[in-house]
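>>> what's the 3D shape of this:
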Amino acid sequence: MKYLALVYYDEAIVNAMSKTEWDALNAECYNGMMRLKSSGHFVDGAPLHPVATATTVRVRDGKASVTDGPFAETREQLAGFYMLEAKDLNEALALAAKIPPARLGSIEVRPVRELPVPAEAV
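Numbers count the residues shown, from 1 in each chain. Modelled structure (predicted):
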């Protein structure tokens, strides 16, 4: 089963890191991703640019509105994601606990819901 692990942390923490600390964290993330890949648990994933680069789209009454910035103001910002393959939620949680930025913020783990194929698409 697939699980999405959303990585959140306070960008102020990483912005305060030295280049050496930032590079070390990125190397740790890369190496962790390679371990997940070699064990067959890594499906996909990517880090995101800072929240200041976000744009939010909302559609109300058929009209789209676009605003700069994230959807909601929070203390922690979405920093990236890992799509994991795990036998169950417990395994997914154990894998998420090994994602390095978990010690800077949090990892939200959610099962991926498969969309049913509409009859007209068959």
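
>>> any chance you could map the helices in this structure?
Secondary structure of the chain (DSSP state H): helices at 11-15, 19-38, 89-96.

>>> Of those, which stretch is the most buried?
The highest average neighbour count among the helices of the chain, using mean count of other CB atoms under 10 Å, belongs to helix 89-96 at a mean of 16. Where C-beta positions appear, they are placed from N, C-alpha and C, glycine not excepted.

>>> For the helices of the chain, please prepare CSV with the additional fields distance to residue 3 and mean pLDDT.
Below are the helices of the chain laid out as CSV (distance: least, CB to CB, whole Å; pLDDT from 0 to 100):
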stretch, distance to residue 3, mean pLDDT
helix 11-15, 24, 93
helix 19-38, 12, 96
helix 89-96, 4, 97
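
>>> Can you add distance to residue 122 and give the ones you listed back as TSV?
Listed next are those as TSV, based on distance: least, CB to CB, whole Å:
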stretch	distance to residue 122
helix 11-15	45
helix 19-38	34
helix 89-96	31
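
>>> Show me the one of the ones you listed that comes nearest residue 75.
helix 11-15 (9.3 Å; CB to CB).

>>> What is that closest one packed up against?
If you count contacts as 3 or more CB pairs under 8 Å, 6 or more residues apart in numbering; DSSP states H and E, helix 11-15 packs onto strand 77-85.

>>> Who does the strand it packs on pair with, and is each partner parallel or antiparallel?
strand 2-9 (antiparallel), strand 42-47 (antiparallel) (DSSP bridges).

>>> next one: that strand to chain centre, how far?
Distance of strand 77-85 from the chain centroid (CA atoms, centre = their mean, to the nearest Å) equals 2 Å.

>>> before we move on, what about stretch 2-16?
For stretch 2-16, the distance to the chain centre is 7 Å (CA atoms, centre = their mean).

>>> Need the distance between the two termini of that stretch.
34 Å (CA to CA, to the nearest Å).

>>> Please apply the same query to stretch 106-116.
31 Å.

>>> hmm, back to that, can I get the strands paired with strand 77-85 in CSV including distance to residue 85 and mean neighbour count?
What follows is the strands paired with strand 77-85, written out as CSV (distance: least, CB to CB, whole Å; neighbours: other CB atoms under 10 Å):
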stretch, distance to residue 85, mean neighbour count
strand 2-9, 6, 20
strand 42-47, 5, 14
